[in-house]
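K.L.:
Let's see this in three dimensions:
(chains A and B)
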Protein chains: 2
Amino acid sequence: MIPLPPVAHREIDDALELALGRLRARSAALGESAGALGVATAAAATGGKRVRPALVAAAFSAFGGDLTRAPGLWRVAAAFELLHAAFVVHDDLIDGDVERRGVPNVMGAFRDRARARGGDDDAAGMLGAAAAVLAGDLLLFEATRLIATAPVAAPQRAALFVLLDDALLVSAAGELADVEQTIGDALPATESLLRTARDKTAFYSFQAPLAAGALLAGATDDERAALEAAGADIGIAFQLADDLIGTFGSRDEAGREPGADLRASKRTPVIALAAESEAWPQVASALALAPTGPIAIRRAQHELTASGARERTVELIRTTLDRARTRADAAALPAAAHQLLETLADAVDRRIPR
Amino acid sequence: MIPLPPVAHREIDDALELALGRLRARSAALGESAGALGVATAAAATGGKRVRPALVAAAFSAFGGDLTRAPGLWRVAAAFELLHAAFVVHDDLIDGDVERRGVPNVMGAFRDRARARGGDDDAAGMLGAAAAVLAGDLLLFEATRLIATAPVAAPQRAALFVLLDDALLVSAAGELADVEQTIGDALPATESLLRTARDKTAFYSFQAPLAAGALLAGATDDERAALEAAGADIGIAFQLADDLIGTFGSRDEAGREPGADLRASKRTPVIALAAESEAWPQVASALALAPTGPIAIRRAQHELTASGARERTVELIRTTLDRARTRADAAALPAAAHQLLETLADAVDRRIPR
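P.N.:
Coordinates of the predicted model:
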C-alpha cells in the first residue's frame, strides 16, 4: 500500500519485536499463567500488515525526515501498531469474537485454557474476558510507554501525547457509537454512520499516524493540519471500501466468508444508503433473512445493488478521495507529501471490490 | 489512614478534578453518547479514599521532599488513583459486577442506558461491556499521560515508567491468577493465594506509590528497595485484613452485606488456611451452602472460626506486619520514613475485624 524503502519495514519490525519479545520475557518470569498471557498478547500484535507504522514512517520521510537517522521514530511507529492491536483485542471482546484470521484470538485461547482445566462455559467466558481485558490493557500501556520514553525532544513528546490523547478519546467515542447504533429499531442516518467510521477508524489509523510522522520531521502546524484533513478523508474512504468488501467482496478480497457484514446484520453506511432509496422494503426483507445462509446473502447483495446503494457507496468513496486530493493540492505541502497522499488515495480506490 | 497536611489532600483533589473535568469536557464535545461515557468514567474515579495518592505524597514528604514546592508530584499522585480506578472498572467487568458502593458502576449505567433505548438483555450486556472496556482504557491512558507529561526530570520520568510498567504487568498477572484460581475443583495452596494477593493488590496499591514518592524526593536505590519491601508486606497484610472483613466483618466494617466473600464463594487465603485444618470437611459443607442466605453465612463463619482459620489469618497479618517493621528498622531510612511505615502497619492492624 505504501512504498517504503525495505530498511523502514525492517526497523518497524525490529522495534515491534523488541517490545513484544520484552513483554513475553517479563510475563514468563511471573509464572506459567502470566507467560501464557504474554504469548497471547504478543501474538495479537503480530501478523498484521503494519500499515499504521508505515504511515508514520512515510509521513516522516515525506516531510524531509531522514529515515537513516531517526532514533525515536521507530518506537513511535511501533506504538501505533500496538495501539491498533489493543483496540482490536478490546473490540473483539465487546463483539464476543473468539477468532481472528481463522485462529483463536486472546479470548478464544483463554476460553480453551479454562476448558482444559475443567472449567464450564461460565468459567471459560470469564477467563476469556479477563485475558482479553488484560491483554488490551498491556498493549495500550506498551504503546504509551514507547512514546513516553522515546528519545525525542520534550515539545515533540508533548505534541505526540496531544495526538494520542485525541486518538484514545475519539476512538472510544466511535466504538461506543458503533455499539449504540445496533440498539433499537431505528436505522441511524448515513451521516452518523459516516461520523462513527471516522471516529472509530479514520482518526487513529490514518490521521494520527500521518500527523505523528510529520511532527517528528518538523512539519509546520499548517502543514500538519492539511495533512490531517486529507488523512481523515482517506481514512473514511478506506472504511467505506472495507464496508463494501464485507458486504460484496469475494472470499479472496475479504479474507473470510463473503458477505460477513450481512450475516452479522451490521448497520453500515451501505445499508443506510439503501434505506434512503425507494427499494428499501425489498432490501429490508432480504437483509432480515441474510443471517440464514449463503443463498439469502446473495439475494441481499442483489437487492442492495438494485437499490443503488452499492453504486452510491462507490461514488461516496470517490468523492471523499477527491476531497482529500483537493485538500492536498490546496495546501502548501512538500512534493513528497502530495505524492504520499496521492498514493494512499489510489490504494484505497483500488480496494473497492469490482 | 495516613496523616498528611490538609494542603496535600487539597492538591491531590485538585489534580484529580483537573484531569477528570478535562475528560468530561472533551468527551461532551464529541456528542451526547461520548459525554455520557465521560461522566461515567469520571464518576468511577470519584468517591474513593484516595489512599494511593496519599501514599505517594507521604513517601515524598518522608524522604525530605517539600510538599509546598513539588510541581510534578500531584500529577504523579493523581495518576495512581486513576490507575486504581481503571483496574476497578476492568475488574468489575471481569467479575460481572454492575454496582459499586451501592450505585450503578460504568457497566450498570450503560446497561440501563441500552434498556432505556429499547435494547434487550443482549444489547444491554454488550453496551455495558463496551462502556466498561472503554472507560477503563481512558482511565489507564490518562494515568499514563499524567506521568508522561509531568514536569519532572527525564531520569525520574524514566524511573516512574519502570515502576508503572511493573505495576501494570504484575497486576495483570495477579488478576489473571485470581480468575484462574476459581476454575477447577482443586483449592489452590495458601502460598499461591498469598502471591495472587501481592500481585493483584499490594504492588500497585502500596509498593509502587511509596516508591514513586520516594524517587521523586530523591531517595537512593537502597532506600527505595527497603521501602518497597516493607510496602509490599504492608500491602499483603492489608489485603488479608480485607479478606477477613469480607468474610467476618460487620456491615459497618465491610460497607456492604456481611459475609459477601462467602456469598460469592471467593477462594481467599482464609479459606485455604481452613482447608489445611482437620475441620475442613465441616467447613467445606458449610461453605457450599453459604450462597443460600444469611443463616448459612453465619454458619460458615462459625465453622471457619472453629477451624482456627480466622485466628491463623490474624496471626499471618501480624507476622507480615512485624516483618515490614523489621525490614524498616534494619534499613538506614530517614526517621520520617520509619514513622510512615509504622503508621501504615498500625493502620492495617486496626482494620482487622474484632
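
K.L.:
Domain-wise, how is chain A divided?
P.N.:
Here the domain parsing of chain A from automatic domain parsing is A:1-152, A:154-354.

K.L.:
Does residue A:179 lie in a helix or a strand, and which?
P.N.:
Assessed by DSSP states H and E, residue A:179 sits inside helix A:154-180.

K.L.:
Show the average pLDDT along whichever helix or strand comes after that helix.
P.N.:
The helix or strand immediately downstream of helix A:154-180 is helix A:190-197, counting by DSSP H and E. With pLDDT averaged residue by residue, helix A:190-197 scores 92.

K.L.:
Does anything pack onto helix A:190-197? Which helices or strands?
P.N.:
Applying 3 or more CB pairs under 8 Å, 6 or more residues apart in numbering or on different chains; DSSP states H and E, we find helix A:190-197 packed against helix A:154-180, helix A:221-248, helix A:269-275. Quick note: C-beta positions are derived from backbone N, CA and C, even for glycine.

K.L.:
hey, C-alpha coordinates of the lowest-mean-pLDDT helix or strand in chain A in CSV?
P.N.:
The helix or strand of chain A with the poorest confidence is helix A:251-254; it has a mean of 86 (mean pLDDT, DSSP states H and E). Below are the C-alpha coordinates for helix A:251-254, written out as CSV (Å, rounded to 0.1, in the frame of the first residue of the first chain):
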residue,chain,number,x,y,z
ARG,A,251,-13.6,-14.6,-0.3
ASP,A,252,-10.2,-13.5,-1.7
GLU,A,253,-10.9,-9.8,-1.2
ALA,A,254,-12.4,-10.2,2.3
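
K.L.:
what comes up buried for it?
P.N.:
Within helix A:251-254, the residues scored as buried using 16 or more other CB atoms under 10 Å in any protein chain shown are A:253, A:254.

K.L.:
Strands of chain A, start to end?
P.N.:
A:99-100, A:103-104 (DSSP state E).

K.L.:
Need the mean per-residue confidence for the first one.
P.N.:
In this model, strand A:99-100 has a mean pLDDT of 88.

K.L.:
what's the residue nearest to residue A:177 when sequence neighbours are not counted in contact with, if anything?
P.N.:
Ranked by CB to CB, 6 or more residues apart in numbering or on different chains and with sequence neighbours excluded, the top spatial neighbour of residue A:177 is residue A:196, at 4.5 Å. Going by CB atoms under 8 Å, 6 or more residues apart in numbering or on different chains, residue A:196 touches A:174, A:177, A:178, A:181.

K.L.:
let's see 10 Å
P.N.:
Residues near residue A:196 by CB atoms under 10 Å, 6 or more residues apart in numbering or on different chains: A:173-181, A:188, A:239, A:267-269.

K.L.:
And residue A:217, by the same measure?
P.N.:
With contact taken as CB under 10 Å, 6+ apart, residue A:217 is in contact with A:59-66, A:70, A:73, A:223, A:334, A:337.

K.L.:
Among these, which are located in helices?
P.N.:
Among the contacts of residue A:217, DSSP state H puts A:59, A:60, A:61, A:62, A:73, A:223, A:337 in helices.

K.L.:
So the fifth one sits against residue A:150, correct?
P.N.:
Yes - taking CB atoms under 10 Å as the contact criterion, residue A:73 and residue A:150 are neighbours in contact, 8.4 Å apart.

K.L.:
which of the two has more neighbours?
P.N.:
More crowded of residue A:73 and residue A:150, by other CB atoms under 10 Å in any protein chain shown: residue A:73, with 28 against 20.

K.L.:
Contacts only, for the more buried one.
P.N.:
So residue A:73 contacts A:8, A:11-12, A:15, A:53, A:56-57, A:60-61, A:65-67, A:150-152, A:212-213, A:216-217 (CB under 10 Å, 6+ apart).

K.L.:
swap the cut-off to 8 Å and go again
P.N.:
Applying CB under 8 Å, 6+ apart, one finds that residue A:73 lies in contact with A:11, A:56, A:57, A:60, A:65, A:67, A:213, A:216.

K.L.:
Can you tell me which of those residues is nearest residue B:311?
P.N.:
Distance ranking of the contacts of residue A:73 against residue B:311, using CB to CB, places residue A:56 first at 59.9 Å.

K.L.:
Next up, the contacts around the closest one.
P.N.:
A:73, A:76, A:77, A:80, A:209, A:210, A:212, A:213, A:216.

K.L.:
switch the cut-off to 10 Å
P.N.:
Neighbours of residue A:56 in contact, by CB under 10 Å, 6+ apart: A:8, A:12, A:73-74, A:76-81, A:208-214, A:216.

K.L.:
related to what we said a few turns ago, so among the contacts of residue A:217, where is pLDDT lowest?
P.N.:
The member of the contacts of residue A:217 with the lowest pLDDT is residue A:70, at 91.

K.L.:
Count the neighbours of that one for me.
P.N.:
Each residue near residue A:70 was counted by other CB under 10 Å, and the total is 20.

K.L.:
you'd agree it is up against residue A:63?
P.N.:
No - counting by CB under 10 Å, residue A:70 does not reach residue A:63; the two are 11.7 Å apart.

K.L.:
where do the contact lists of those two overlap?
P.N.:
Common neighbours of residue A:70 and residue A:63, using CB under 10 Å, 6+ apart, are A:213, A:216, A:217.

K.L.:
In this structure residue A:143 contacts residue A:23, no?
P.N.:
No - with contact defined as CB under 10 Å, residue A:143 does not count as touching residue A:23 (11.5 Å).

K.L.:
So for these two, which residues contact both of them?
P.N.:
Residues touching both residue A:143 and residue A:23 (CB under 10 Å, 6+ apart): A:45, A:82.

K.L.:
quick one: which of those two has more around it?
P.N.:
Set residue A:143 next to residue A:23 and count neighbours by other CB under 10 Å: residue A:143 wins out with 29 against 24.

K.L.:
contacting residues around the more buried one?
P.N.:
A:19, A:45, A:75-76, A:78-87, A:164, A:167-168, B:141, B:144.

K.L.:
how about 8 Å then?
P.N.:
With contact set as CB under 8 Å, 6+ apart, residue A:143 has these partners: A:79, A:80, A:82, A:83, A:86, A:164.

K.L.:
and the closest residue to it other than its chain neighbours, how many neighbours does it have?
P.N.:
In space, and not counting its chain neighbours, residue A:143 is closest to residue A:82: 3.8 Å by CB to CB, 6+ apart. Residue A:82 is flanked by 29 other residues according to other CB under 10 Å.

K.L.:
re earlier: so how do I select the buried members of the contacts of residue A:56 in ChimeraX?
P.N.:
Here is the ChimeraX selection string for the buried members of those, based on 16+ other CB under 10 Å:
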select /A:8,12,73,74,76,77,78,79,80,81,208,209,210,211,212,213,214,216
